[in-house]
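In: A structural model of the following input is requested.
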Amino acid sequence: MERRSIVKKMLASVAGISVFGLAKANMVQAEEKEVNNVTEYQDVPLFSGSTKLGNMVFVAGKGAHEAPFEIKSHTDVVLKELEKELIKAGSSMEKVLKVNVYLNDIADYKGMNEVYKGRFGKNPPVRTTVAVAKGGVPGDSLVEMDCIAYI
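Out: The predicted structure follows:
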């Protein structure tokens with residue numbers, strides 16, 4: 001008898017969570033996303049520099065496309081571009097939750113890290129770093145980064 005009561009309570013609690021989760025999912029779908037810096041290709045929107053939904057901001061990949069073609073310089077440019085986009089969206093480097101780093105050459109990993117360290121405050125975000133396949137990062141950048149942050 002007691003076990004049946006416990007099972008009923010568990011099912012009721014799971015059902016309550018499911019209903020609450022479903023209601024929350026519907027609320028998120030009802031929100032309108034805000035896009036910034038839309039890049040067009042042949043008069044058709046291609047991608048946005050950043051997109052906000054609720055209290056989250058998603059920043060598109062940023063690269064460095066100028067000389068000097070050196071990893072430390074490119075990493076600095078990329079991080080400054082990410083920061084500009086985050087500030088425009090109402091966020092900051094300290095509020096970044098996830099960063100993806102795309103290196104043109106994995107040999108640049110150490111140099112990129114030298115510039116990257118400390119740029120996100122004392123609690124850095126989680127990060128994935130990969131070297132891209134043959135052909136490299138688009139636009140002659142030695143590094144590209146994107147991120148997800150909260151506002």
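In: what are the boundaries of the helices in the protein?
Out: Assigned by DSSP state H, the chain shows helices spanning 2-30, 71-88, 109-116.
In: mean pLDDT lowest where, among the ones you listed?
Out: Mean pLDDT is lowest for helix 2-30 among the helices of the chain, at a mean of 47.
In: alpha carbons of stretch 52-69, as CSV, please.
Out: C-alpha atoms of stretch 52-69 as CSV (Å, rounded to 0.1, in the frame of the first residue of the first chain):
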residue,chain,number,x,y,z
LYS,A,52,18.8,37.0,-29.3
LEU,A,53,16.0,34.9,-27.9
GLY,A,54,14.8,35.6,-24.4
ASN,A,55,17.9,36.1,-22.3
MET,A,56,20.2,34.2,-24.6
VAL,A,57,22.5,35.6,-27.4
PHE,A,58,24.1,33.6,-30.1
VAL,A,59,27.0,35.2,-31.9
ALA,A,60,28.0,34.1,-35.4
GLY,A,61,31.6,33.2,-36.2
LYS,A,62,34.0,36.1,-36.3
GLY,A,63,37.3,36.0,-38.2
ALA,A,64,40.3,38.3,-38.8
HIS,A,65,40.9,39.1,-42.5
GLU,A,66,43.8,41.5,-42.4
ALA,A,67,47.6,41.6,-42.1
PRO,A,68,49.6,40.7,-40.2
PHE,A,69,48.7,37.1,-40.8
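In: mind listing what's buried along that stretch?
Out: Neighbour-count burial for stretch 52-69 flags Lys52, Met56, Val57, Phe58, Val59, Ala60, Gly61, Lys62, Gly63, Ala64 (criterion: 16 or more other Cβ atoms under 10 Å). Where C-beta positions appear, they are placed from N, C-alpha and C, glycine not excepted.
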